[in-house]
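Peer 1: compute the structure for the input listed below.
(2 chains)
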Number of protein chains: 2
Amino acid sequence: MKAASSSGRGVPRSSSLPRVVSRPQVVVVGSAARRSAMNHLPVLLWTLFSSVREDVCYLPPELRAEIRGYRPLVHSILSEFVAGAESGSTYSDLAYFADRFGHRVVGSASLEDAIDHLLSVLRHAGLDHVAAEPVHTPVWSRGPEKATVVSPRVLEMDVLGLGGSVSTPPAGITARVVVVESFEELETRRHEVNGTIVLFRPKWRDYKSYVVYRERGPSMAARYGAVATLVRSAAPYSLYTPHTGKLSYDDDAPRIPAAAVTVEDADFLARVVGRGEEVKVRLEMSNSHTNGTSRNVVADITGTAHPGQYVILGAHTDSWDVGQGVMDDAGGVFIAVKALSYLRKRGLRPRRTLRAVLWTSEENGLVGAAEFVRRHRDEMDNVSLAMESDTGTFAPYGLTTSSENNLTQCILREVLSLMAPIGATTLELSVRGSDVDKLHALGVPVSTLLNRNERYFHYHHTRADTMSLMSSRDLDLCAGFWAAVGYVFADLRDMLPR
Amino acid sequence: MKAASSSGRGVPRSSSLPRVVSRPQVVVVGSAARRSAMNHLPVLLWTLFSSVREDVCYLPPELRAEIRGYRPLVHSILSEFVAGAESGSTYSDLAYFADRFGHRVVGSASLEDAIDHLLSVLRHAGLDHVAAEPVHTPVWSRGPEKATVVSPRVLEMDVLGLGGSVSTPPAGITARVVVVESFEELETRRHEVNGTIVLFRPKWRDYKSYVVYRERGPSMAARYGAVATLVRSAAPYSLYTPHTGKLSYDDDAPRIPAAAVTVEDADFLARVVGRGEEVKVRLEMSNSHTNGTSRNVVADITGTAHPGQYVILGAHTDSWDVGQGVMDDAGGVFIAVKALSYLRKRGLRPRRTLRAVLWTSEENGLVGAAEFVRRHRDEMDNVSLAMESDTGTFAPYGLTTSSENNLTQCILREVLSLMAPIGATTLELSVRGSDVDKLHALGVPVSTLLNRNERYFHYHHTRADTMSLMSSRDLDLCAGFWAAVGYVFADLRDMLPR
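Peer 2: Numbers count the residues shown, from 1 in each chain, chains lettered A, B, ... in the order given. Next up, the predicted model:
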């Protein structure tokens, strides 16, 4: 998952996840959803009065019957992933991929080798159309980097420079540290900042409230004369773990170098400064900024009745340059690859085209997704649903939907009710996504995978994003879910209403 | 806490902690305790039939009355730490110490500077006797170290060499990796080991079952011709976190270098080897082995009636050379220092001498404790109780006791019942300790702090052992508890029976 924009889109929730329930439920989230709540009174009433739920959705009886007709097929798909021939295969394929290629930062040979591997896997699976589509992208490469407390005592800190950061001069930047917890505090203390290194140390509440400091902090501090910034890593729990991620320089501010420090070092610096001691840090970073070409991957099971209509299963191939990038987002890639490969192997060809889209250069700012919608602009009106997995592939419990259309929500709920055997029946109203935001902006209904990702931000953008955190069973559940919902949405007689 | 011996002593339990109860309880743990269970039938019956608990312990009425007489004092001590003038002071003193000196590995200037600071704090507190006692100790210093997977692809691993490890040749050791999960597997596959690097990858169950691989693994593998060993870090949860600790070479085996890898890298190596791929690793380590002098610290509140009798509050000053060494064991040091300083400030002088002992060179093998018992041999018969805190200073819930004496257990229980306001009333039969094992071996009754240290092995011997994991409130509870029980045991009319 990339650095989410400060608008809050692309931000998964790390807490207060609704519970799995055995019947479909609608959870209203987000201001857009709230604005439209009055349009969905029947849905809300259904939520409140579940005893009448089958009547309030106003699904035409034939449509309900059509959806319920998928039950035997869905259950057979799920059981093959949970306890049948597919069990364990997603994990083993993903582990091989992760161990062979490692992390896959944009501009690296490992990313392009990994994309070649995925193309090979998809072609070997016998899909109808497998293509690599070139994407021109900025390339940022981390050079040697070092952050040292030089007074009141010498201490090397483990840091990760932020993606896109400029370099320091070769001798580094040595300056006094000013610690602020918020932009409000920066504003109040703006006259203290000139010539200093500003440490942003927001309290961890959630990713959304933190990420603005990583993304915008450097420019905000530079306007007041800061010479560099540090930011507390984005984590609810740390074992001296730095978290990287992209920054976004404003055009009207000086570009200063920026790095993430661990929670522990942020606390240390705040304590020492809080005692009234002058703390100086030397930051040395040597990064390169170039441009390059990567590739989106598109792979289809061509639809039997409506080959020009699409349901998309999306994820991104690139990662940050630490760990194995499996949670973010090779897991998402492999449940899409597995879903299509499995359906092809079973000869399950839906009415419209089921398409895997594996975007590149997500972490650099949805670059691959932007190129995808540019290249496929004419198809966007014919995308029934674009699904994305980019907030982990832990135990799945449902889908989000960006749709404010009551009928679409009811169809989604009815389809999710088929997923009761694995408890993935929750529908949450949310426009949160990452690459699919580019499709959502063009009116495409988008859904993202809801999964038990409470520990997502323990690992996000760290060296700890490795196979050790993945569960074979959870991957089976996600891949089976993806195959089942992907097939059903692609096979329904009609596209989802917009 | 040091590397525990394979006998299991010195090993705190990381799971199945008994719950705090509002009345004292005895939890029987360990084979020694089980052997003596029949001697303690009344105690066991008391546990089973708590309604008669006040009668089965056979505490002489005057002794029970004597102990209960401390209740107002104990409650006033506890309340001063929890909500009074002492609240927060242990945390702030400890934080200053940790931030100023950092980790304190034996042989470092930071350890000796830290000991000077402690001497100064204790003298400033006006204690009756504050002494530094020299300790000759082996000194092991970590040099540059590096472990690189060189095939099937190049990958730098974050490792921590094990304390006491010999160096590699300057060019390093490059060899094929053999992965074993147990000594039994090593034995079965001993003919595959010659010339290889053996990775011990025991499943994490608890520290006791793991630590034998760290301590004994190098010699065990060297006997079959291994040229180096790696060991999976000792952790139930990892964020790419290497854990160091001491190894113990056998005299009759070649000495080969050894390092700990992260859980994630151990998993990675096992997966790749498990696929039948040949994995080669290059290990480069450059350590030094010398000897040096450090110091134990002894500080007393001299007893009014029995100055030659002692109750000891113990902990160790040294740490490993990563993090801040606060959980292991500056927290233990500061609750002892705080307890004595507080009692002195309040003018509370017990009948026998209350002594803080801050051992050095614990991590190198209880070197300071061995010197302490050598130097204080004649006093050992007059130590009523030696208490130790070396498994964390999280929320306290009671004490262990090494004593199999029924009366002693009943006295301890009665004293712990006074701690009901903070829930620290549990008595657990256990000989587990670390430095106090040296006193236990000479017949001294020893007790260790029971605290809610379920996450102890997340941090143990890692860069994450910093103030960020400490809780000011928990430190208040531990320090108040230490002051209260230390005072009561030192002030009781009689020594504890042995």
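
Peer 1: from now on I want contacts and neighbour counts done on CA atoms only, so please keep to that.
Peer 2: OK.

Peer 1: around chain B, pick out the residues from chain A.
Peer 2: Residues of chain A lying near chain B by Cα under 8 Å from any Cα of the partner chain: A:99-100, A:153, A:238-241, A:263-264, A:267-268, A:272, A:458-459, A:463-464, A:466-468.

Peer 1: now, of the residues you listed, which are buried?
Peer 2: A:99-100, A:238-241, A:263-264, A:267-268, A:272, A:458-459, A:463-464, A:466-468 (16 or more other Cα atoms under 10 Å in any protein chain shown).

Peer 1: name all residues that make contact with the residue nearest to A:R142 when sequence neighbours are not counted.
Peer 2: Among residues not flanking A:R142 along the chain, A:N287 sits closest, at 4.8 Å (Cα to Cα, 6 or more residues apart in numbering or on different chains). Contacts for A:N287 (Cα atoms under 8 Å, 6 or more residues apart in numbering or on different chains) come out as A:140-144, A:165-167.

Peer 1: mind listing the strands in the stretch 301-450 of chain A by residue range?
Peer 2: Under the criterion DSSP state E, counting those that start in this stretch, strands of the stretch 301-450 of chain A are mapped to A:306-316, A:352-359, A:383-388, A:396-401, A:426-429, A:446-451.

Peer 1: how near is the nearest residue to A:A339 once chain neighbours are set aside to B:A266?
Peer 2: Leaving aside its sequence neighbours, A:A339 sits nearest to A:A483 (Cα to Cα, 6+ apart; 4.2 Å). According to Cα to Cα, to the nearest Å, A:A483 and B:A266 sit 33 Å apart.

Peer 1: so where's the stretch 101-250 of chain A shaky on pLDDT?
Peer 2: Of all residues in the stretch 101-250 of chain A, none has pLDDT under 70.

Peer 1: and the strands in it?
Peer 2: Using DSSP E, counting those that start in this stretch, the strands of the stretch 101-250 of chain A run over A:129-141, A:145-151, A:155-157, A:159-161, A:173-180, A:197-200, A:228-232.

Peer 1: now these as CSV including distance to A:G217?
Peer 2: Below are the strands of the stretch 101-250 of chain A laid out as CSV (distance: least, Cα to Cα, whole Å):
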stretch, distance to A:G217
strand A:129-141, 19
strand A:145-151, 18
strand A:155-157, 20
strand A:159-161, 13
strand A:173-180, 11
strand A:197-200, 7
strand A:228-232, 7
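
Peer 1: run through the bridge partners of the closest residue to A:A221 other than its chain neighbours.
Peer 2: Spatially, and ignoring its direct neighbours in sequence, A:A221 is nearest to A:V198 (6.8 Å; Cα to Cα, 6+ apart). Judged by DSSP bridges, the bridge partners of A:V198 are A:V178, A:T229.

Peer 1: contacts only, for A:V198.
Peer 2: If you count contacts by Cα under 8 Å, 6+ apart, A:V198 has them with A:177-180, A:221, A:226, A:228-230.

Peer 1: return the member of those nearest to A:A85.
Peer 2: Minimum distance to A:A85 across the contacts of A:V198 is 49.1 Å, recorded for A:L230 (Cα to Cα).

Peer 1: the closest one contacts A:F200, doesn't it?
Peer 2: Yes. Under the criterion of Cα atoms under 8 Å, A:L230 is in contact with A:F200, at a separation of 6.2 Å.

Peer 1: do a quick rundown of the helices in the stretch 101-250 of chain A.
Peer 2: A:109-124, A:183-188, A:207-222 (DSSP state H, counting those that start in this stretch).

Peer 1: how much space separates the closest residue in space to A:T174 that isn't next to it in sequence from A:K246?
Peer 2: If the residues on either side of it in the chain are set aside, A:T174 comes closest to A:R282, at 4.1 Å by Cα to Cα, 6+ apart. According to Cα to Cα, A:R282 stands 22 Å off from A:K246.

Peer 1: same deal with A:R205?
Peer 2: With Cα to Cα as the criterion, A:R205 and A:K246 are 20 Å apart.

Peer 1: which one's more surrounded, these two?
Peer 2: Between A:R205 and A:K246, counted using other Cα atoms under 10 Å in any protein chain shown, the more crowded position is A:K246 (22 against 13).
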